[in-house]
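Undergrad: sequence unknown, structure follows:
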């Protein structure tokens with residue numbers, strides 16, 4: 001759809017920023033490339049809430065700028081996947097990439113019509129809230145943890161209600177909104193990029209079924225991994241091949257295998273606690289390979305409060321240490337994580353692509369100066 005002449009970006013708009021040029025050079029039209037650069041600039045430079053009106057106003061732009069900024073996200077037909085691949089390459093050129101972290105990010109929302117919105121208990125806030133659940137792929141680098149890709153969970157009605165999906169413009173090919181499968185989808189997408197192929201994976205699962213799905217999928221892909229799993233995750237008890245084998249929660253298994261808490265110490269875990277490797281090979285239902293179990297103790301009484309499943313080779317143990325892959329949540333908030341103005345699935349993905357690029361610029365973009373005016 002052509003942009004009305006009155007809403008075109010004036011020729012005086014700076015468009016020479018290296019990051020914007022790198023990310024958006026494949027967009028087919030010049031006005032798309034210019035407004036994409038302007039939206040990215042707005043997320044980085046606008047103080048406070050990153051609404052399109054605030055971004056246009058803070059730059060002192062003309063009246064139709066907010067309409068065009070809204071259009072580049074919600075209705076301009078450009079694909080976000082190539083932009084994210086370019087972003088991963090740009091990050092890989094500026095920092096040493098050590099691992100891929102796959103992690104959920106809760107985005108609070110008002111109303112019931114934004115794609116994927118649902119009621120969910122948020123452990124960080126300790127309460128239920130209306131939100132979207134994003135699964136992010138983050139590059140763990142020597143200069144911080146940087147977002148490069150996203151998936152949106154589509155629970156319940158968002159996978160079943162045809163009319164609701166049509167209003168939110170959710171493609172027919174996008175059906176499964178389960179976090180574990182979305183996480184594996186992010187891992188598969190990363191495997192196709194030279195910067196992220198073969199990286200160790202650090203992930204977390206909030207439910208036992210999700211934990212089993214993630215661990216089994218990562219094991220099948222022959223990747224080094226460390227997955228934080230719930231204490232209730234079932235483990236197999238008994239020797240391999242025993243037809244009478246039963247399952248027990250990991251917490252019970254740890255109490256039986258290491259009652260005195262004397263397991264061998266490994267580097268401290270992400271929360272700063274003492275992590276120990278349980279002195280036994282662990283098997284999980286549906287997972288063909290033997291696994292190792294690390295317990296992380298942070299409650300002061302020495303009791304396990306977090307459980308990590310890894311491969312037995314120990315290659316992923318360095319991932320389980322303080323601050324190794326802390327999410328840049330504050331940076332994401334400052335770059336407009338909560339400020340998408342729209343309800344559609346494509347619009348959300350385009351906005352989150354801009355958010356990832358803005359966060360990457362904040363974390364790795366020294367020497368790259370974004371334009372400060374429209």
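TA: Received the coordinates, thanks. The model shown is predicted, which means the values in this text are computed figures rather than measured ones.

Undergrad: who does the strand ranked longest in the chain touch, helix- and strand-wise?
TA: Of all the elements of type strand in the chain, the one with the most residues (DSSP state E) is strand 127-141. Here strand 127-141 touches helix 81-94, strand 97-108, strand 118-122, strand 144-152, helix 179-191, helix 345-364, going by 3 or more Cβ pairs under 8 Å, 6 or more residues apart in numbering; DSSP states H and E. Where you see a C-beta, it was placed from the backbone N, CA and C, and this is true even at glycine.

Undergrad: Give me the neighbour count for the spatially closest residue to residue 190 that is not a sequence neighbour.
TA: Leaving aside its sequence neighbours, residue 190 sits nearest to residue 196 (Cβ to Cβ, 6 or more residues apart in numbering; 3.8 Å). Neighbourhood size, residue 196 [other Cβ atoms under 10 Å]: 25.

Undergrad: quick one: what helix or strand has residue 196 in it?
TA: For residue 196, there is no enclosing helix or strand under DSSP states H and E.

Undergrad: ends of stretch 172-181, how far apart?
TA: 17 Å (Cα to Cα, to the nearest Å).

Undergrad: buried set for it?
TA: 177, 178, 179, 180, 181 (16 or more other Cβ atoms under 10 Å).

Undergrad: before we move on, the earlier item: please report phi then psi for the residue nearest to residue 190.
TA: phi -110, psi -10 (degrees, to the nearest 10).

Undergrad: got a list of what it touches?
TA: By Cβ atoms under 8 Å, 6 or more residues apart in numbering, the contact list for residue 196 reads 88, 92, 97, 100, 137, 139, 148, 190.

Undergrad: on that earlier part again, of the helices and strands packed on strand 127-141, which shows the lowest average pLDDT?
TA: Among those, strand 118-122 has the lowest mean pLDDT, at a mean of 86.

Undergrad: Which secondary structure elements does it sit against?
TA: strand 127-141.

Undergrad: shaky segments in this protein?
TA: 1-16, 59-63, 124, 238-245, 258-275, 297-305, 314-325, 366-374 (pLDDT under 70).

Undergrad: which residues in it form helices?
TA: 18-24, 30-45, 52-58, 65-74, 81-94, 157-160, 162-167, 179-191, 208-220, 250-257, 329-334, 345-364 (DSSP state H).

Undergrad: elements contacting the last one?
TA: The reference is to helix 345-364. Using 3+ Cβ pairs under 8 Å, 6+ apart: helix 345-364 touches helix 18-24, helix 30-45, helix 65-74, helix 81-94, strand 127-141, strand 144-152, helix 329-334.

Undergrad: what would these look like in CSV with mean neighbour count and distance to residue 250?
TA: Formatted as CSV, the helices and strands packed on helix 345-364 follow (neighbours: other Cβ atoms under 10 Å; distance: least, Cβ to Cβ, whole Å):
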stretch, mean neighbour count, distance to residue 250
helix 18-24, 20, 42
helix 30-45, 23, 41
helix 65-74, 22, 43
helix 81-94, 19, 34
strand 127-141, 20, 23
strand 144-152, 25, 26
helix 329-334, 16, 27
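
Undergrad: quick one on the thing from earlier: the buried residues of stretch 172-181: which two are farthest apart?
TA: Greatest spatial distance in these: 177 and 180, 10.6 Å, computed using Cβ to Cβ.
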